[in-house]
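# need a 3D model of the sequence below.
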Amino acid sequence: MSAKEALSLAEKSNLDLVKIAPGANPPVCKIMDYGKFRFEQAKREKEAKKNQKVMDIKEVRLSLNIDTGDFNTKVNHALRFLRDGDKVKVSIRFRGREMAHAENGKVIMQRFAEACAENGTVEKAAKLEGRSMLMFLVPKASK
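From the prediction side, this is the model:
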């Protein structure tokens, strides 16, 4: 039907003529209440956004000469963050002469990754960036 006929039909029924597929030949149009359509579309988008989980990045800072008690406490914090579905950034800050012992930092990071292995996996391996060593852990995909 022609565009004029469709428009007059829409005006008679007090609705809007909306192009659904303007690129088609001929263009596909639909007679509907456009305001109601936009409202329902916004409602669906809002509902979809509500069901999304935003992943935060939590940071756990270690030191080069950390003791077992402190280490276990930091591991427990990281495990809690991973269970909540957050990423964990593990960092070691090297101060002064500690830069000469970067390999000890790698060992600590490896131990930390093994301790968190049941709840998380290493997304980005330990890497020295300036005076700090960083590693990222992400929660394991739940089945």
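# which residues are in contact with residue 85?
Shown in contact with residue 85 (CB atoms under 8 Å, 6 or more residues apart in numbering): 53, 55, 139. For glycine as for every other residue, the C-beta is placed from the backbone atoms N, C-alpha and C.
# the residues you listed, buried ones only, as a ChimeraX selection?
Applying 16 or more other CB atoms under 10 Å to these, the buried members can be selected in ChimeraX as follows:
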select :139
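# tabulate the contacts of residue 85 (CSV), appending distance to residue 29 and secondary structure.
Conversion of the contacts of residue 85 to CSV gives the following (distance: CB to CB, whole Å; DSSP: H, G, I helix; E, B strand; the rest coil):
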residue, distance to residue 29, secondary structure
53, 39, coil
55, 42, coil
139, 47, strand
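# which single one of the contacts of residue 85 is nearest to residue 80?
residue 139 (11.1 Å; CB to CB).
# and of the contacts of residue 85, the nearest to residue 16?
Closest to residue 16, out of all of the contacts of residue 85 and judged by CB to CB, is residue 53, at 36.9 Å.
# before we move on, back to that, okay if I get the contacts of residue 85 as TSV plus pLDDT?
Output for the contacts of residue 85, formatted as TSV (pLDDT from 0 to 100):
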residue	pLDDT
53	75
55	77
139	91
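# and the contacts of residue 85 as CSV, adding distance to residue 32?
Below are the contacts of residue 85 laid out as CSV (distance: CB to CB, whole Å):
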residue, distance to residue 32
53, 34
55, 38
139, 43
